[in-house]
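# Sharing a model that was predicted from the sequence below.
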Amino acid sequence: MAVAVGGLVSLPGWANGWSSANLPAGASFLAPRADAVLAEVVETILPATDTPGAKALGVHTFIQKIVTDCMEPSAQDSLTKGLTAVEALARKTYSKSFASLDAGEKAEVLKTMSQSSDADEKGFFSLVKGMTIRGYMTSEYVMNNITHYEMVPGRYHGCVPVVAKNTTPKTQQNK
């Protein structure tokens, strides 16, 4: 009974979406340089417009937390190797780091990775794109300001006038 009550008390905190303030500030498994590349990758996937972009909402931190806590250790390796591949592809193609490319060049690097014949590069892009969308759409900002999430949707209107409609089929009315 106590566990059920505890779960019900903490439910509102879980249901309102996450924010970067909710994520514990622990040590990241990514090096600071790789973290910066991941931040640029998520910003390229969902850039800032009239709403904040994925980087501003801390989606890269969300991805690291999910990969660290909820996925196999091989996912961490895949993420690390994928970020190294992004940086290497940017340097090979444009002779610059990924972070210093303009938006079109960044998009082109990611497009090349998504269409790559290397399964690891495709898997990395698919993982990061899916987690970016998931992290963005479940962030506190998006849930409160864009989707207007309600924990318990619908209303109960106990006193509503009922209008009776003629329920007799027309074929029976003609007889």
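It's in. Predicted, not measured: the structure shown is a model, and the values here were computed from it.

# Please count neighbours and contacts with C-alpha atoms only from this point.
OK.

# Helices along this structure, start to end?
With DSSP state H as the criterion, the chain has helices at 2-15, 32-45, 59-70, 73-94, 103-114, 119-137, 140-145, 170-173.

# Out of the ones you listed, flag the one nearest residue 156.
Each of these has some distance to residue 156 by Cα to Cα; the shortest is helix 2-15, at 20.1 Å.

# returning to that earlier point: mind putting the helices of the chain in CSV, distance to residue 162, mean pLDDT and mean neighbour count included?
Formatted as CSV, the entries for those read as follows, by distance: least, Cα to Cα, whole Å; pLDDT from 0 to 100; neighbours: other Cα atoms under 10 Å:
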stretch, distance to residue 162, mean pLDDT, mean neighbour count
helix 2-15, 35, 59, 10
helix 32-45, 50, 91, 20
helix 59-70, 48, 90, 19
helix 73-94, 57, 91, 17
helix 103-114, 56, 93, 17
helix 119-137, 39, 92, 19
helix 140-145, 34, 89, 17
helix 170-173, 22, 58, 8
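
# can I get those in CSV with distance to residue 160?
Rendered in CSV, the data for the helices of the chain read as follows (distance: least, Cα to Cα, whole Å):
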stretch, distance to residue 160
helix 2-15, 30
helix 32-45, 47
helix 59-70, 45
helix 73-94, 54
helix 103-114, 54
helix 119-137, 36
helix 140-145, 30
helix 170-173, 28
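
# These: which one's closest to residue 157?
Each of these was scored for nearness to residue 157 using Cα to Cα, and the closest is helix 2-15 (23.5 Å).

# Let me know which of the helices of the chain is the nearest to residue 161.
Of the helices of the chain, the one closest to residue 161 (Cα to Cα) turns out to be helix 170-173, at 25.8 Å.

# Please tell me I have it right and residue 43 contacts residue 55.
Yes - the pair residue 43 and residue 55 qualifies as a contact (Cα atoms under 8 Å) at a distance of 5.1 Å.

# ok, back up a step: out of the helices of the chain, which is closest to residue 153?
From the helices of the chain, taking Cα to Cα, the stretch that ends up closest is helix 2-15, at 12.5 Å.

# Quick check: residue 31 vs residue 132, distance?
Here the criterion is Cα to Cα, to the nearest Å. By it, residue 31 lies 19 Å from residue 132.
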